[in-house]
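Participant: can't give you the sequence, but here's the structure:
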């Protein structure tokens, strides 16, 4: 395949195939195929499954209907992130949690420790592979290989169907800011589905994409990455994820801390910025405001779609307004940047929101 | 990776810079191997004219989408020219690293310095070995 590989959370992952810029453009204009089999899966079953999910996550899983998915946070008792995740409601008594590769085992043990609801828990990563088909032509590409009515799957919903003869969970989700699907299936079918999907997508210009493009795409879409924007020291409120923090749903891990934080207001929050000259503010670079160090870049780099350099950073709340001038310290030099609204990129035809 | 043609007249460093000496002036760039390792180049930062640079020290950076890479000088000397093409077209570093995407020209402090650098055949062997290590 000619992929440039990188180690990511213990997995050998393709960083890029034809180049990050061309892969990024393919996803924005046509379609891209990502092997995201490293993602972890945890399943909770039984009468107590919903109560367990409600207790350990901050979004309101009781609002889900069967066949719906939800972005959420797995919380510590301090209201910070053990991980971020997608919660899929498969039945009234069965939830599939899709979590980050590097956190899977910690997540599992964390949930296990809080399982006073007698839910049956399974660390199911080895039973699943996952491919993501993303971009404006994702639907027509996937439709060539399945009779499932993809049009009927609304954003953040899923169904079970056969793709190229393989039973899959087909979810209309993604991490690129484009329309697209993530499909989950048994690992023995990985190579078959990878090559069948590439074949189906070739006429429409779909190409294989690696972790590099996945990162530039999610950054433009203003999506958080665990270990960068969110971690065990940050809360959903600080990360601008108040919309997944349902304090009215009843007590959950960290809810007391989060309720207090919401009342008092956060001391620092995540913002988006654009560089005002050609230099690039990158992950970990210090942020300075009025000559004082005020925060750090969590993710930063070139935005191939917007043709400028962008990033996200934590800054003090009083300096977080749109339009605020900040400096990014790049190799000991102050380089001007400006706080702008998130997300940086929105697809032209926004799908119906969940 | 397809085999690159490393120009026979150039000299090469272990850090993947090349230098082409004509008279007392050396033209310096990064090699095809280096640009391939970096991926899509999006920004190049070069020293000011007249800057004194020293052998083995960083004189600038080449940034790809994912990475920032220092460029180390193969020689000591004074910067007499920088490639203005790269400020608007950094992608030239990917397209023509041994030609139009040279980085700087330097008036050499000691022209004999380049003799200790690798020639094209030695550099090709060095790179082949690296490529094998990576695929092993």
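Facilitator: Alright, I've got the coordinates. Keep in mind that what you see is a predicted model, and the values were worked out from it rather than measured. Numbering: from 1, shown residues only, chains lettered A, B, ... in the order given.
Participant: and stretch B:34-51, what's buried?
Facilitator: Across stretch B:34-51, burial judged by 16 or more other C-beta atoms under 10 Å in any protein chain shown covers B:34-47, B:51. Where you see a C-beta, it was placed from the backbone N, CA and C, and this is true even at glycine.
Participant: for the longest helix along chain B, packing partners?
Facilitator: Ranked by residue count and defined by DSSP state H, the top helix of chain B is helix B:120-135. Judged by 3 or more C-beta pairs under 8 Å, 6 or more residues apart in numbering or on different chains; DSSP states H and E, helix B:120-135 is in contact with strand B:11-12.
Participant: next helix or strand past the strand it packs on?
Facilitator: Sequence-wise, the next helix or strand downstream of strand B:11-12 (DSSP states H and E) is strand B:17-22.
Participant: now do the strands in chain B.
Facilitator: Applying DSSP state E to chain B gives strands spanning B:11-12, B:17-22, B:25-30, B:41-45, B:52-53, B:58-64, B:68-72, B:77-82, B:104-108.
Participant: how about those strands, which one is nearest chain A?
Facilitator: For these, proximity to chain A was assessed by C-beta to the nearest C-beta; strand B:41-45 is nearest, at 4.7 Å.
Participant: next, residue A:196: secondary structure please.
Facilitator: Put simply, residue A:196 is helix when judged by DSSP: H, G, I helix; E, B strand; the rest coil.
Participant: can I get the strands of chain B in TSV including distance to residue A:341?
Facilitator: Below are the strands of chain B laid out as TSV (distance: least, C-beta to C-beta, whole Å):
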stretch	distance to residue A:341
strand B:11-12	47
strand B:17-22	41
strand B:25-30	37
strand B:41-45	23
strand B:52-53	42
strand B:58-64	26
strand B:68-72	27
strand B:77-82	36
strand B:104-108	39
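Participant: any chance of the ones you listed in TSV with mean pLDDT and distance to chain A as columns?
Facilitator: Listed next are the strands of chain B as TSV, based on pLDDT from 0 to 100; distance: least, C-beta to the nearest C-beta, whole Å:
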stretch	mean pLDDT	distance to chain A
strand B:11-12	97	22
strand B:17-22	97	19
strand B:25-30	98	17
strand B:41-45	97	5
strand B:52-53	97	16
strand B:58-64	95	6
strand B:68-72	94	7
strand B:77-82	98	14
strand B:104-108	98	18
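Participant: among these, which is nearest residue A:47?
Facilitator: Smallest distance to residue A:47 across those (C-beta to C-beta): 52.3 Å, for strand B:58-64.
Participant: helix or strand for the residue nearest the centre of chain A, which one?
Facilitator: Residue closest to the mean C-alpha point of chain A, counted by C-alpha atoms, centre = their mean, is residue A:175 at 4.9 Å. Taking DSSP H and E as the definition, one finds residue A:175 inside no helix or strand.
Participant: what residues are up against it?
Facilitator: Contacts for residue A:175 (C-beta atoms under 8 Å, 6 or more residues apart in numbering or on different chains) come out as A:132, A:134, A:214, A:217-218, A:221, A:223.
Participant: equivalent analysis for residue B:86, please.
Facilitator: Contacts of residue B:86 (C-beta under 8 Å, 6+ apart): B:44, B:46, B:92-93, B:101, B:103.
Participant: roughly how far does it sit from chain A?
Facilitator: 11 Å (C-beta to the nearest C-beta, to the nearest Å).
Participant: and the pLDDT for that residue?
Facilitator: Looking at residue B:86, its pLDDT is 97.
Participant: give me the distance between residue A:261 and residue A:238.
Facilitator: Counting by C-beta to C-beta, to the nearest Å, the gap from residue A:261 to residue A:238 is 8 Å.
Participant: burial measure for residue 125, as a count.
Facilitator: Because you didn't say which chain, this covers chain A. 21 (other C-beta atoms under 10 Å in any protein chain shown).
Participant: the chain in question should be chain B.
Facilitator: Residue B:125: 11 neighbours (other C-beta under 10 Å).
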